[in-house]
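Visitor: Sequence and predicted model, in that order:
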Amino acid sequence: FFFFFFFFFFFRLRCFFLMPIVVGDRVFDKQGSFGTVRFVGNIEKSMSPHAIWIGVEWDEENRGKYDGSIYGERYFTCAPNFGSFVKPTTIMKCNDLVSILKEKYDDDYVPVQKISVQCSYLLEREKESGAFINLRNIDASSCGVNSVGRGLGLLWPNVTQLTLAINKIQDWRDAIQLLQELPSLEMLNLSDNPLREYPLDPPIVQHQNIKTVILNYLKCDWNTLNLFLSNMPNIKDLHLTGNDFIDINLQLPGNTLNYLDLSDNKISQWSEIRKLSHLPDLQTLLLASNPISKITINEDTATIFPSLQVISLEDSAINDWEALENLSSYRTVKECSLSNLPLFSSFEENVRRKLAIAQLPTTTKINRGKVNQQEREDAERFCVRYFRLSNSPPAMYDRLLKVHGNLEPLIEVNLSPEDPPIVRFEDTPLNNFQLDMKWAVWELLVALSEHLSCPAESLLLFHKAPFKIRPLRELQRVLHTYRIIDGDEILVRRVQKRKPKKSSKTIYDKQVATLTLSGQR
């Protein structure tokens, strides 16, 4: 007990002196909320008058409950519902990246913050310089990083992947410093940082190794992003999700880009998308959750997007067949995502896929599902029949009509018997019970449970044919697939509730109970 008390006291005291919190410091809590310290001291009327309390003015409204006053005394001033009084152990001080990494790897320091590090073997440290020479991947997301600090490249010179998402980096000079000190860096993620305007006199850096840059939810303009990206001439993957772009003005120092994510922006005109046609190696273009309603073509599609293979238009505003007809003119596209389009909202899910497959003849994958030759032929023949009597069929109808001809509609085959089978409950016919042979077994159980006012898990079903009786245990199986013919009967037996046993019967009852409680019918 004495050892535990001493270790706990020493740990708390050491943390307090190593990372003292003073007025003006930037701090954050476990929920990821950031704020500024406005008060450090005692609150005399509190339950712990001798304890140290921290008064914080949060960045977000309604994160706090106070305006800087408590128990009738004012300790600092802020807007209502922006202030809080918290204990020092519930918040952490924002710090530079180097200090946070030192706290993680210093042998004499008990780590407070959590940071994710990946390496293929034990960390190796150089004796003379103390550098961690085999550390490759660092994820410092949500660690309260507000700057880079000094000595990053000396201690971690071989880092290839660095993630600093959801932090408080405000100065682009820190981002440029990362490029200067980490020559081996291949992936940089600065998403969701409050980066401000680009400096007027930035240092010029030509980082040749960076291939992936992730700048999501920065809300920066194109001029700022282009200035930063000009330091990386060999970018292949660029992520710009959630930046509220209305237009596109991307200017890269090289033509090596083959992956671009512009999802969750505010781009509505296809003319803006065509501005990317100057990228000869662009293979993947993600435009999900943009209000694009039309796809227009004003030139030969063979000359623009010559390498484009994957395009995503999920959750866009496309609502006419002409847009997809124009999309099909991009013959190099092999994979397309078209989920949640207003155009398909009135169709059932299986019909949506068939229409999309028929509309895009060169694609091999629709909505992440592979399309084989048989599925494509079935989809095209379906569309010929579907739009056969339409007054205004889409343009693809004439194209498919030349391939498959004028197909007659399929004959609907009713597999149900002319006279539905008799349903008997304990040898008594249920004359008023309406049976639908299209029901699955579980749907029949739910209907019988309501009709007989008894739990579905207490019912057993059997199919009685002239020469045999077999149980109906496959809950998802449709009744007419059991080959029930005229003269057959469905027997219903009620069993007493038993203690649960690990048997197929118990599993069957539990499945019935689960389906019944879910309210499906």
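Guide: That came in fine, so what should we check first?
Visitor: Please make it C-alpha for all contacts and neighbour counts, starting now.
Guide: OK.
Visitor: Which helix or which strand is home to the spatially closest residue to residue 426 that is not a sequence neighbour?
Guide: Among residues not flanking residue 426 along the chain, residue 493 sits closest, at 5.8 Å (CA to CA, 6 or more residues apart in numbering). Element membership for residue 493 (DSSP states H and E) is strand 489-494.
Visitor: Kindly format the C-alpha coordinates of that strand as PDB.
Guide: Taking Å, rounded to 0.1, in the frame of the first residue of the first chain, the C-alpha atoms of strand 489-494 are listed here in PDB:
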ATOM      1  CA  GLU A 489     -52.100 -29.600 -45.100                       C
ATOM      2  CA  ILE A 490     -50.100 -27.500 -42.700                       C
ATOM      3  CA  LEU A 491     -50.200 -28.700 -39.200                       C
ATOM      4  CA  VAL A 492     -49.700 -26.400 -36.200                       C
ATOM      5  CA  ARG A 493     -48.700 -27.900 -32.800                       C
ATOM      6  CA  ARG A 494     -48.300 -26.000 -29.600                       C
END
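Visitor: In the sheet, which strands lie alongside it, parallel or antiparallel?
Guide: strand 422-425 (parallel), strand 459-464 (antiparallel) (DSSP bridges).
Visitor: pretty sure the residue nearest to residue 426 contacts residue 463?
Guide: No: between residue 493 and residue 463 there is no contact under CA atoms under 8 Å: 11.6 Å.
Visitor: give the contact list for residue 227.
Guide: Residue 227 is in contact with residue 198, counting by CA atoms under 8 Å, 6 or more residues apart in numbering.
Visitor: same thing but at 6 Å, please
Guide: For residue 227, no residue meets the contact criterion (CA atoms under 6 Å, 6 or more residues apart in numbering).
Visitor: coming back round to it: confidence-wise, which of the strands paired with strand 489-494 is weakest overall?
Guide: Lowest mean pLDDT within the strands paired with strand 489-494: strand 422-425, at a mean of 86.
Visitor: doesn't residue 445 fall inside a helix?
Guide: Yes: membership of residue 445 in a helix is supported by DSSP: H, G, I helix; E, B strand; the rest coil.
Visitor: who's in contact with it?
Guide: residue 456.
Visitor: which stretches of the stretch 51-200 of the chain have low pLDDT?
Guide: Within the stretch 51-200 of the chain, the segments meeting pLDDT under 70 span 105-123.
Visitor: Would you mind listing the buried residues in the helix or strand hosting residue 384?
Guide: Residue 384 belongs to helix 373-386 when assigned by DSSP H and E. Across helix 373-386, burial judged by 16 or more other CA atoms under 10 Å covers 376, 377, 379, 380, 381, 382, 383, 384, 385, 386.
Visitor: mind putting those in CSV, distance to residue 284 included?
Guide: Below are these laid out as CSV (distance: CA to CA, whole Å):
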residue, distance to residue 284
376, 23
377, 27
379, 26
380, 26
381, 30
382, 30
383, 29
384, 31
385, 34
386, 32
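Visitor: circling back: how far is the strand holding residue 493 from where the chain is centred?
Guide: Distance of strand 489-494 from its chain centroid, counting by CA atoms, centre = their mean, to the nearest Å, is 47 Å.
Visitor: Now residue 441: closest residue in space, sequence neighbours ignored.
Guide: Closest residue to residue 441 apart from its sequence neighbours, by CA to CA, 6+ apart: residue 475 at 4.8 Å.
Visitor: In the stretch 201-350 of the chain, mark out all the helices, start to finish.
Guide: 222-229, 270-273, 321-327, 349-359 (DSSP state H, counting those that start in this stretch).
Visitor: gap between the residue lying closest to residue 96 once chain neighbours are set aside and residue 338?
Guide: Of all residues beyond its chain neighbours, the one nearest residue 96 is residue 147 (4.6 Å), with distances taken as CA to CA, 6+ apart. Applying CA to CA, to the nearest Å, the value for residue 147 to residue 338 is 41 Å.
Visitor: Also residue 467?
Guide: Note on residue 467: its distance to residue 338, by CA to CA, is 52 Å.
Visitor: what about these two, which has more around it?
Guide: Under the criterion of other CA atoms under 10 Å, the comparison of residue 467 against residue 338 puts residue 338 first, with 22 against 5.
Visitor: follow-up on the earlier one: tell me the secondary structure for the residue nearest to residue 441?
Guide: coil.
Visitor: how many neighbours does it have?
Guide: Neighbour count of residue 475, defined by other CA under 10 Å: 17.
Visitor: Tell me how far it lies from residue 440.
Guide: Distance from residue 475 to residue 440, by CA to CA: 7 Å.
Visitor: Give the phi and psi angles for residue 78, as a check.
Guide: phi -160, psi 180 (degrees, to the nearest 10).
Visitor: Do I have it right that it meets residue 69?
Guide: No: between residue 78 and residue 69 there is no contact under CA atoms under 6 Å: 9.1 Å.
Visitor: Same drill for the two, tell me which one is more crowded.
Guide: residue 69 (18 against 15).
Visitor: Look up how far residue 62 lies from the closest residue to the more buried one other than its chain neighbours.
Guide: Counting by CA to CA, 6+ apart, the nearest residue to residue 69 once its immediate chain neighbours are dropped is residue 75, at 5.7 Å. Using CA to CA, residue 75 is found at 19 Å from residue 62.
Visitor: Of these two, which one has the most company?
Guide: With neighbours defined as other CA under 10 Å, residue 75 and residue 62 compare such that residue 75 has more, 17 against 13.
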